[in-house]
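Participant: pasting a predicted model and its sequence here:
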Amino acid sequence: ASLLTAIEMAPRDPILGITEAFNADKNPKKANLGVGVYYDDNGKLPLLECVRKAEAQMMEKLSPRGYLPIDGLVAYDKAVQDLVFGADSSVVKDKRAVTAQAIGGTGALKLGADFLKRFSPNAQVWISDPSWENHRALFESAGFVVNTYPYYEESSHGVNFAGMLDTLKSIPAGSIVLLHACCHNPTGADLTDAQWKEVIATVTSRGLIPFLDMAYQGFGDGIESDGKVVRQFAEAGGPVFVSNSFSKSFSLYGERVGALSIVANNAEEAARVLSQLKRVIRTNYSNPPTHGGQVVATALASPELRALWEEELAGMRVRIREMRQALVEKLKAQAPGHDFDFVIQQRGMFSYSGLTKAQVDRLREEYSIYAVDTGRICVAALNSGNIDYVVSAIAKVL
Ligand code: PMP
């Protein structure tokens, strides 16, 4: 027997499994609400005009493909910092933050996890219950014990804030707390401003390490507004870890463009942090790819393209919110005994719809409508062509 003989089949990814079943379904009315990407009103993945124009500019001055610096394209890292912390923030002006281009938001999380494991090997990690399904596996694969803090509350379709805060007040100093900066995945339930204030005060005063995952900046209430929590944490002082992603906000999923930023207490500390972060990168993949970062840097550096991006991002945000509104209004008409108003309060691409596993099964089996077992639906997969069919099916399984 060889080394590989005894290796067992790994469990299938539950969400990719949904897509496979959807693709095989021959019902012309089928709808896949299980996805994690933004589709436009035609049910298509958009190529943003700002990306098309940035790439056209890049085509005009094609350059050789040398290696980028270990921490990525300088103009990209700068643009990310300005976007995430604010160009006029003291964090940026005082050079307290370091930013490294990363292989998407996932790559940014893994860099942060590997860095933390190196310098705080005995800390444990706390993620929300529930959280993006890769958070646990990712931090575990970096060697951490991963725990959960209470988050979603089924009865209110909102956040169990008292439970969350209690946990943050009781875990050991130095614990790493993963927080969704905006547009919580999978629930869509975000904290209020006042609740964030309490979380920031608790995390800061108790010496917990905040790790803010921001994969959906601009999909909630706007670029500025969605970035507020990151800025408030950064102002409260380091260390703060921030992973951000342009997969959704630039519709650049396959280009793998994200970044990890670490806020230190001063420029000298930040320089030491960066030197060590580069070692983590160097031993993982040496340096990031050129294209995606260049697209984003080009778009963010040009006032014209930047304005176009903001417009296009707003278009995606508004369309999602219109779909939330339409879903609720149409359900009100067809299933008057059921209250779905909470769907309008939720933010980002996803909604914990409150549908049970049995209802999700029926939607799939009887109507070819695919959702995640937890009842998570992707609101961005709804469109003017499928919403009536989806609503009438939901009304029948309730
Ligand atoms: N964090 C969260 C909360 C996400 O939802 C996602 C993507 N679905 C990521 C990180 C990873 O982003 P990327 O695709 O850029 O790796």
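Facilitator: Perfect, thanks for sending it. In this text the structure is predicted, and so the values were computed from the model without any measurement.

Participant: residues touching Ala271, list them.
Facilitator: Val98 (CB atoms under 8 Å, 6 or more residues apart in numbering). (Each C-beta comes from the backbone N, C-alpha and C, glycine too.)

Participant: helix, strand, or coil at it?
Facilitator: What DSSP: H, G, I helix; E, B strand; the rest coil gives for Ala271 is helix.

Participant: could you report the distance from it to Pro46?
Facilitator: Separation of Ala271 from Pro46 (CB to CB, to the nearest Å) stands at 40 Å.

Participant: ok, now Leu313?
Facilitator: Distance of Leu313 to Pro46, computed by CB to CB: 11 Å.

Participant: who's more crowded, these two?
Facilitator: Shown here are Leu313 and Pro46; by other CB atoms under 10 Å, Leu313 has more neighbours (22 against 16).

Participant: residues in contact with the more buried one?
Facilitator: Leu313 sits in contact with Gly218, Phe219, Ile223, Ser249, where contact means CB under 8 Å, 6+ apart.

Participant: over to Thr298?
Facilitator: Neighbours of Thr298 in contact, by CB under 8 Å, 6+ apart: Ala54, Gln57, Met58, Leu305.

Participant: the helix or strand hosting Leu116 - contacts with which helices or strands?
Facilitator: For Leu116, the enclosing helix or strand under DSSP states H and E is helix 104-119. Other helices and strands packing on helix 104-119, by 3 or more CB pairs under 8 Å, 6 or more residues apart in numbering; DSSP states H and E, are strand 97-103, helix 133-141, strand 209-214, strand 240-245, strand 257-263, helix 267-284.

Participant: so which other helices or strands are in contact with the fourth one?
Facilitator: Looking back up the chat, that one is strand 240-245. Secondary elements touching strand 240-245 (3+ CB pairs under 8 Å, 6+ apart): helix 74-85, helix 104-119, strand 209-214, helix 223-236, strand 257-263.

Participant: and the contacts of Thr298, which are buried?
Facilitator: Ala54, Met58, Leu305 (16 or more other CB atoms under 10 Å).

Participant: tell me how far the nearest residue to the first one once chain neighbours are set aside lies from Ser275.
Facilitator: What it means is Ala54. Nearest residue to Ala54, sequence neighbours excluded (CB to CB, 6 or more residues apart in numbering): Thr298, at 4.1 Å. Thr298 sits at a distance of 28 Å from Ser275 (criterion: CB to CB).

Participant: in terms of pLDDT, where does Ala1 sit?
Facilitator: For Ala1, the pLDDT comes out at 85.

Participant: count the neighbours of it for me.
Facilitator: Ala1, neighbours per other CB under 10 Å, totals 5.

Participant: distance check, it against Ile7.
Facilitator: For Ala1, the distance to Ile7 equals 11 Å [CB to CB].

Participant: do the same with Ser89
Facilitator: Taking CB to CB, one finds Ser89 at 49 Å from Ile7.

Participant: can you check Gly17 too?
Facilitator: Plainly put, Gly17 is 21 Å away from Ile7 if you go by CB to CB.

Participant: repeat that for Ser156.
Facilitator: Ser156 is 45 Å from Ile7, by CB to CB.

Participant: do the same with Ala31
Facilitator: For Ala31, the distance to Ile7 - CB to CB - is 37 Å.

Participant: kindly report the residues of the stretch 1-150 of the chain close to the ligand.
Facilitator: Gly36, Gly104, Gly105, Thr106, Trp132 (CB under 6 Å from any ligand atom).

Participant: check whether the residue nearest to Ala54 sits in a helix, strand or coil.
Facilitator: Secondary structure for Thr298, judged by three-state DSSP, is helix.

Participant: contact partners of stretch 349-365?
Facilitator: With CB under 8 Å, 6+ apart as the test, stretch 349-365 has contacts from 21, 36-38, 152, 154, 157, 183-189, 216, 219, 248, 320, 324, 340, 342-343, 346, 369-380, 393-394, 397-398.

Participant: now do the buried residues in it.
Facilitator: Within stretch 349-365, the residues that count as buried by 16+ other CB under 10 Å are Met349, Phe350, Ser351, Tyr352, Ser353, Leu355, Gln359, Val360, Arg362, Leu363, Arg364.

Participant: give me the nearest residue to Tyr293, chain neighbours excluded.
Facilitator: Careful, residue 293 is Gly and not Tyr. Excluding the flanking residues, the one nearest Gly293 by CB to CB, 6+ apart is Tyr76, at 4.1 Å.

Participant: who touches the one you found in this structure?
Facilitator: The neighbours of Tyr76, taking CB under 8 Å, 6+ apart as the test, are Gln101, Ala259, Gly293, Gln294, Val296, Ala297.

Participant: hmm, Ser384 and Lys330 touching each other?
Facilitator: No: counting by CB atoms under 8 Å, Lys330 does not reach Ser384; the two are 11.4 Å apart.
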